[in-house]
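Novice: I would like to see how this sequence folds:
(chains A and B)
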Amino acid sequence: MTLLTATGITKKFGTKTAVKQIDLTVQTGQLVAFLGPNGAGKSTTINLLTGTIAPTAGTIKMAGLRPDNRQYQKQIGVVFQKSVLDNQLTVWQNLKSRADMYQGVTLTPESELITAFGLTSILKQTYGTLSGGQRRRVDIARALIHQPKLLFLDEPSTGLDIQTRTVIWQTLNQLRQQQGLTIILTTHYLEEAAEADFVYVIDHGQIIAADTVEQLQATYAQSQLMIETDYPEVVLAQLAPEWRVLQTNHQLQIALPDDQQAIALLTKVQSVITHFKFRQGNMDDIFMALTGKEIR
Amino acid sequence: MMALVKRHLALYFGNKSGVFFSLLGALIAFVLYLVFLKHNMLASWSQLAAPQKLLDPWLIGGTLAVTAVTTTANGLNQMIVDRESGTLADLALTDMSFIGIQFSYLVSTVIIGTLMQLVMFAAMVGYFSLTDQFVLSLAAIVPVMGIMLLSSIVWTTFNVLILSFVTNLDSLGKIGTILGTSAGFFAGVYLPIGAVPVAAQNLMKITPFPYNAAIYRQILMADQLKTTFKQVPQLRHQFEQTLGIGIQLQHLTSWQANTLILAGFSVVFGALTLVFAKSSRRKAINKV
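Specialist: Residues are numbered from 1 along each chain as shown, chains lettered A, B, ... in the order given. Here you go, the predicted structure:
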């Protein structure tokens, strides 16, 4: 079921176009990633979708509602890139003050939200004294305080260690399974994007690719097989014509669609090869293929 | 709305050094007077019996006006801080309207201004009752508290207007310094209004400062003025005019006139803020 659609959204700041003609569709329950280098227009896109800024052109709709509608706002939660809670107040004061600003939301120290994110033990602690990971958990709890259908995460794990990242994703995945929460996130971590159901690759304010991770991989990130051999001509004779090959003396670097084909090839030329290496295509290759540069 | 007001108050009063620094302008005025000016002022009114009985409440009045300005300016800082830090964008996602959020800053600032004036008032009355046996008339307490509220409202609207033009914390600090330094002069605390050139007097009169100080003085000095000038009523008008206990427009302003003038200033500041609000709202949102 389609939850959110954006058609032809463009945002100009003065003469600079931050986002150009973006179309996107988000299905209920999906995890959608916006992948792109810094300054690509990811955050601007998020701000447009959350209604924080108005587009110069184009429309955004969720169940027929536009972002500046109160009902639209009620259905979204946002975890901002920069922390927006008060450093001087305790975790409880922060969460309670936000909860009280919503109609029909009651928060108690025993609320499920607080226990699910493991905040019980730090409720009385001052927000500013928390570790980066604890803070992120509080931020996400705040964004989910009114039980939104759609959660936006703007660079959620920048600067976090791997353990914290894992804990946060465990909790989010649990919420996706239990409550069918839809998540849109921006990231420049390729591993994070690899978890997504659907990826939009954004560069220079435009969508340059939009597909599932598998499809992107198949199209842009072929697996690489490196073979060392004294008889390169024997190996070359076995290759399919569409495979790209890079030859240096006794080394061949072959790009092929999947591991099955690699196994088949290796079996055929087993007797003539001295050494081989195999690497599956990853998001890095996708990004390189699309933008011609490494992710910044 | 109450939740947000509570948050602003918790942030303001939780920052102890911030609270102290917002009183600094008023404290400096008070201490400078005691150290440098009191002796001279007493000498120049030595023809009156017990001049300190008039000058102590006179100083209290001026200092309260300064307190109202500096503490409301500090209280409103949160508005700019929230805009800068992106917290405003987060608050705007809740069920509160943008107007409601802005209003919450005003309400908390008026509360802060009133409470801080009360603190300064208690401190100064305490000090003078110990050193000069100053006695506060009970009848003055309720009207003084009313004026505290009125001054808070006037200076909150004044500061909101100023802040419509401020987009970053750096200029906010600079404006605070300018305001704190000049307030003592504009309110006629360092130098009585009658002791400065006419041009300066006219400049003071187009601001709410002298009226604010005057109305406090009128209430706090009422009884003592009657007592002191019983014998020499011909001196009273000149005394009031020189010390800014009424402000010379066509006549010396009465306390009723001062109240109206202050309320008028507040309305004008409020209206001007609304005129400029449109552009600053866009700025506020786009900041994110």
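Novice: can you give me phi and psi for A:Leu123?
Specialist: phi -60, psi -40 (degrees, to the nearest 10).
Novice: looks like it contacts A:Thr90 (just checking).
Specialist: Yes - counting by C-beta atoms under 8 Å, A:Leu123 touches A:Thr90, with 6.9 Å between them. All C-beta spots, glycine's among them, are computed from the backbone N, C-alpha and C.
Novice: not counting sequence-adjacent ones, nearest residue to B:Gln241?
Specialist: Nearest non-adjacent residue to B:Gln241, counting by C-beta to C-beta, 6 or more residues apart in numbering or on different chains: B:Gln248, 5.4 Å away.
Novice: ditto for A:Gln21
Specialist: A:Gly8 (5.4 Å).
Novice: touching, that neighbour and A:Leu24? I think so.
Specialist: No - when contacts are counted by C-beta under 8 Å, A:Gly8 is not listed as touching A:Leu24 (10.5 Å).
Novice: which one of these two is surrounded by more residues?
Specialist: Neighbour tally, A:Gly8 and A:Leu24, criterion other C-beta atoms under 10 Å in any protein chain shown: the higher count belongs to A:Leu24, 20 against 12.
Novice: which residues touch the more buried one?
Specialist: Counting by C-beta atoms under 8 Å, 6 or more residues apart in numbering or on different chains, A:Leu24 touches A:4-6, A:32, A:200, A:207, A:210.
Novice: tell me the SS of it?
Specialist: Secondary structure, DSSP: H, G, I helix; E, B strand; the rest coil: A:Leu24 is strand.
Novice: roughly how far does it sit from A:Lys61?
Specialist: To A:Lys61, A:Leu24 is 12 Å away according to C-beta to C-beta, to the nearest Å.
Novice: about what we covered before: for the residue nearest to A:Gln21, give its distance to chain B.
Specialist: Here A:Gly8 is placed at a distance of 21 Å from chain B (C-beta to the nearest C-beta, to the nearest Å).
Novice: tell me what the host helix or strand of that residue is packed against?
Specialist: Using DSSP states H and E, A:Gly8 falls within strand A:2-13. Packing partners of strand A:2-13 (3 or more C-beta pairs under 8 Å, 6 or more residues apart in numbering or on different chains; DSSP states H and E): strand A:16-27, helix A:42-49, strand A:57-62.
Novice: how about stretch A:35-55 as CSV, C-alpha atoms only?
Specialist: These are the backbone C-alpha positions of stretch A:35-55, laid out as CSV (Å, rounded to 0.1, in the frame of the first residue of the first chain):
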residue,chain,number,x,y,z
LEU,A,35,21.9,7.5,0.0
GLY,A,36,24.3,10.2,-1.2
PRO,A,37,27.3,12.2,-0.3
ASN,A,38,27.2,15.2,2.0
GLY,A,39,25.5,18.2,0.3
ALA,A,40,23.7,15.9,-2.2
GLY,A,41,20.3,17.2,-1.0
LYS,A,42,19.3,14.4,1.3
SER,A,43,18.5,16.6,4.3
THR,A,44,16.7,19.1,2.2
THR,A,45,14.5,16.3,0.8
ILE,A,46,13.8,15.1,4.4
ASN,A,47,12.9,18.7,5.4
LEU,A,48,10.5,18.9,2.5
LEU,A,49,8.9,15.6,3.3
THR,A,50,8.4,16.6,7.0
GLY,A,51,7.0,20.0,6.0
THR,A,52,9.7,21.9,7.8
ILE,A,53,10.3,23.7,4.5
ALA,A,54,8.0,24.3,1.6
PRO,A,55,8.9,23.1,-1.9
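Novice: ok now it, how far from the chain's centre?
Specialist: In terms of C-alpha atoms, centre = their mean, to the nearest Å, the centre of stretch A:35-55 is found 13 Å from the chain centre.
Novice: you'd agree A:Ile202 is in a strand?
Specialist: Yes - under three-state DSSP, A:Ile202 sits within a strand.
Novice: and it, how close does it get to chain B?
Specialist: Noted for A:Ile202: a distance of 19 Å to chain B, by C-beta to the nearest C-beta.
Novice: so that residue is in contact with A:Gly36, correct?
Specialist: Yes - A:Ile202 lies in contact with A:Gly36 (C-beta under 8 Å); the separation is 3.8 Å.
Novice: anything in contact with each of those two?
Specialist: Both A:Ile202 and A:Gly36 are in contact with A:Lys42, where contact means C-beta under 8 Å, 6+ apart.
Novice: who has more neighbours, the two?
Specialist: Neighbour totals were compared for A:Ile202 and A:Gly36, and A:Gly36 leads with 29 against 25 (other C-beta under 10 Å).
Novice: is it correct that B:Met124 falls within a strand?
Specialist: No - the assignment for B:Met124 is helix, going by three-state DSSP, so no strand is present there.
Novice: what sits against it?
Specialist: Here B:Met124 is in contact with B:30, B:59-60, B:63 (criterion: C-beta under 8 Å, 6+ apart).
Novice: list buried residues within these.
Specialist: Among the contacts of B:Met124, those scoring as buried are B:30, B:59-60, B:63 (criterion: 16 or more other C-beta atoms under 10 Å in any protein chain shown).
Novice: rebuild those as JSON lines, extending it with distance to chain A, pLDDT and secondary structure.
Specialist: Converted to JSON lines, the buried ones among the contacts of B:Met124 look like this (distance: C-beta to the nearest C-beta, whole Å; pLDDT from 0 to 100; DSSP: H, G, I helix; E, B strand; the rest coil):
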{"residue": "B:Phe30", "distance to chain A": "28", "pLDDT": "90", "secondary structure": "helix"}
{"residue": "B:Leu59", "distance to chain A": "34", "pLDDT": "93", "secondary structure": "helix"}
{"residue": "B:Ile60", "distance to chain A": "32", "pLDDT": "94", "secondary structure": "helix"}
{"residue": "B:Thr63", "distance to chain A": "29", "pLDDT": "94", "secondary structure": "helix"}
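Novice: the residues you listed: which two are farthest apart?
Specialist: Pairwise distances across those peak at 8.7 Å for B:Phe30 and B:Ile60 (criterion: C-beta to C-beta).
Novice: and A:Leu35, backbone torsions?
Specialist: Torsion angles, degrees, to the nearest 10, at A:Leu35: phi -110, psi 130.
Novice: contacts only, for B:Asp223.
Specialist: B:Ser137.
Novice: could you identify the helix or strand that succeeds the helix or strand in which it is found?
Specialist: Using DSSP H and E, the element containing B:Asp223 is helix B:209-228. Sequence-wise, the next helix or strand downstream of helix B:209-228 (DSSP H and E) is helix B:233-243.
Novice: which residues of chain B lie near chain A?
Specialist: Within chain B, the positions near chain A by C-beta under 8 Å from any C-beta of the partner chain are B:2-4, B:6-7, B:10-11, B:14-15, B:85-87, B:89-96, B:285-286, B:288.
Novice: so where's chain A uncertain?
Specialist: Scanning chain A for pLDDT under 70 picks out A:292-296.
Novice: swap in 80 and give it another go.
Specialist: Applying pLDDT under 80 to chain A picks out residues A:157-160, A:188-192, A:194, A:217-218, A:221-222, A:257-258, A:281-296.
Novice: burial count for the nearest residue to B:Gly194 once chain neighbours are set aside?
Specialist: Excluding the flanking residues, the one nearest B:Gly194 by C-beta to C-beta, 6+ apart is B:Thr242, at 3.1 Å. Neighbourhood size, B:Thr242 [other C-beta under 10 Å]: 16.
Novice: my guess is B:Thr242 meets B:Gly188, correct?
Specialist: No - between B:Thr242 and B:Gly188 there is no contact under C-beta under 8 Å: 9.8 Å.
Novice: many thanks, have a good one.
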